[in-house]
Structure formats: structure tokens, C-alpha cells
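In: Here is my input; please provide its structure:
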Amino acid sequence: MEVIDISNAPSTQIEVAGLSMPEVIFVGTQRNFSPSLITATTQELGQVIADVLTSFNDLHKLIQQTGHHPTVIIIDEPTLRNLHEADRQLLYEIDAASIGLAYASTTFAAAWYNDHTLRLRSVSVFPLNVRLDVWLSIIRLIAHGAGYVCPEVMLFKEPDPKTLAEDEFCLTQRQIDVLQLVADGQSNKRIADRLGLSVHTVKLHLHNASQRLGARNRTEAAMRYQAVRK
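Out: Predicted coordinates:
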């Protein structure tokens, strides 16, 4: 398994590298699509060629430069959260591929599942955090042209607005505590002292919360959290 970065690579460089369109493309972070997970997946599918791209833009470039579509595209939630409308339209137009959404937040997944255009594409929707054997079974279904939607997504009901941010982004209570103090203008050291944590632990909570919220830094994470709470 190889993580491909073609963000700055010209077409000639791609050709020299011998890059061809893999059968299965995972688009997302290595935190969600680890090398060991992808290796296990390719073995389950019969040693198919699979690769990980770190952005949807890289996927679009790869399709343009090879002239082919992958058979399966699996996209993680952080990548989908950051898609612009034009990117969404491009995703809808990749009609030769089976598409899967690997989510962390049920609220977010349900919103995508209820999107009419996506329904027409029969996109599969399943959680990132499942046992390996369940994950492999889902990917195998998608690879063979079948669809899978997690029952909790189909049965999902809109949560109470007071708990929307926690439910939507799967934030822990400690992450929420840290974000609230960041929003109040507190430094990491003051937050650590107030919550009885180490500065390292505070940074870890902020890192994880930022990933859930699709934020680039602590300030943006706090602003996004506050915006949802309003």
C-alpha cells in the first residue's frame, strides 16, 4: 500500500512513476485509513491494487491524468466535510465507481444519506469504528457492486439542539471542556491547570477535536464548536 501525493506532480511525472489507476481508492487521513487496515482490505479482496489519497483534489487529478475511474472510492468523514460544492458535483459525476462514506458522526452520515442526489447514486454509508471483520465484509460488498447502509443511519432521528454539537461531531466531554476554555481565550497552560491535566493532554484533546470539526488550528476549532452550539 502506498500513500500517493500528486498535489504538485505534473502529468509527465506521473507517467514516469508508472502511476496507474488503482481498483480501490481510499480518500482521507492515514489516521482513518492506516497502512495495516488497507493491507488487510486488499488481502480480503484478493490482492487488488489499492491506494490512499489524502484529498479529493488528488483523486480528481488522478482521474484526469490516467483517464480512468477506480472501481471503488471510499471517503472518510473529514474529507467530505471539507468538500466544496464543485467537489460534490464532481463526486456525483463519477458514475463508474461504487462510493462509500466512512463516518464517525451519525448525524453527519444521516444528512448525507438523506441527500436526494446521493440516494440516486446508491452510496454506501458505514462507520469507521467497527471490528476489522465487519469492515472487511462491508468493503467486500461494495467491491462486488452491492450497497450497504448502517441501520443506525437509516433509523436516525434529529437530536435535541442542546446536544447537537456533541452528537454531530462525536466530541468527548473533555474535548468540549477544552474547546469552551479556548473560546474564552485561555492558553493551553491555563486550561491544563484549570482542568487538572498536562499541557500535552490538552494539546491532544485539541488535536482530536480539530480533526472531528475539520478545523486547522485550536482557534478555528473553538469557533466552529461555538457556531454549532448557537
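In: Helices of the protein, residue ranges please.
Out: Remark: helices assigned in the chain by DSSP state H are 11-16, 35-44, 56-66, 77-81, 85-93, 106-113, 116-120, 132-143, 151-154, 164-169, 173-183, 188-195, 199-213, 218-229.
In: Nearest to residue 23 among the ones you listed would be which one?
Out: The closest of the helices of the chain to residue 23 is helix 132-143. By C-beta to C-beta, the value is 8.1 Å. (Each C-beta comes from the backbone N, C-alpha and C, glycine too.)
In: what's the offset of that closest one from the middle of its chain?
Out: With C-alpha atoms, centre = their mean, to the nearest Å as the basis, helix 132-143 stands 17 Å off its chain's centre.
In: Likewise for stretch 29-40?
Out: Offset of stretch 29-40 from its chain centre (C-alpha atoms, centre = their mean): 12 Å.
In: Make residue 1 into 270 and carry on from there
Out: Yep, numbering from 270; the last one is stretch 298-309 now.
In: Tell me which residues are up against it.
Out: By C-beta atoms under 8 Å, 6 or more residues apart in numbering, the residues outside stretch 298-309 that reach it are 270, 272, 295, 319, 321, 323, 343, 345, 347-348, 371, 397, 401, 404-405, 480.
In: can you check stretch 416-425 too?
Out: With C-beta under 8 Å, 6+ apart as the criterion, stretch 416-425 contacts 367, 369, 372, 375-376, 378-379, 382, 391-396, 407, 410-411.
In: Find the residue at the geometric middle of this structure.
Out: Nearest to the geometric centre of the chain sits residue 345, at 2.1 Å (C-alpha atoms, centre = their mean).
In: what residues are up against that residue?
Out: For residue 345, the contact set (C-beta under 8 Å, 6+ apart) comprises 295-298, 301-302, 371-372, 397.
In: do the same with residue 367
Out: By C-beta under 8 Å, 6+ apart, the neighbours of residue 367 are 340-342, 393, 411-412, 414, 416.
In: From these, pick the one nearest residue 469.
Out: Among the contacts of residue 367, residue 342 lies closest to residue 469 (C-beta to C-beta), at 36.5 Å.
In: Would you agree that closest one is in contact with residue 369?
Out: Yes. With contact defined as C-beta atoms under 8 Å, residue 342 counts as touching residue 369 (7.2 Å).
In: Let's see stretch 384-401 as PDB, backbone CA atoms only.
Out: Extracted as PDB, the C-alpha positions of stretch 384-401 are listed here (Å, rounded to 0.1, in the frame of the first residue of the first chain):
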ATOM      1  CA  ASP A 384     -29.400  13.800   0.300                       C
ATOM      2  CA  HIS A 385     -31.500  13.100  -2.800                       C
ATOM      3  CA  THR A 386     -28.700  13.200  -5.300                       C
ATOM      4  CA  LEU A 387     -26.600  10.800  -3.200                       C
ATOM      5  CA  ARG A 388     -29.500   8.500  -2.800                       C
ATOM      6  CA  LEU A 389     -29.700   8.200  -6.600                       C
ATOM      7  CA  ARG A 390     -26.000   7.200  -6.600                       C
ATOM      8  CA  SER A 391     -26.700   4.400  -4.100                       C
ATOM      9  CA  VAL A 392     -23.800   5.500  -1.900                       C
ATOM     10  CA  SER A 393     -22.900   3.100   0.900                       C
ATOM     11  CA  VAL A 394     -22.700   4.600   4.400                       C
ATOM     12  CA  PHE A 395     -20.900   2.800   7.300                       C
ATOM     13  CA  PRO A 396     -18.900   3.700  10.400                       C
ATOM     14  CA  LEU A 397     -15.200   3.900  10.600                       C
ATOM     15  CA  ASN A 398     -15.100   2.500  14.100                       C
ATOM     16  CA  VAL A 399     -16.100  -1.200  13.600                       C
ATOM     17  CA  ARG A 400     -14.400  -4.500  14.100                       C
ATOM     18  CA  LEU A 401     -12.000  -5.500  11.300                       C
END
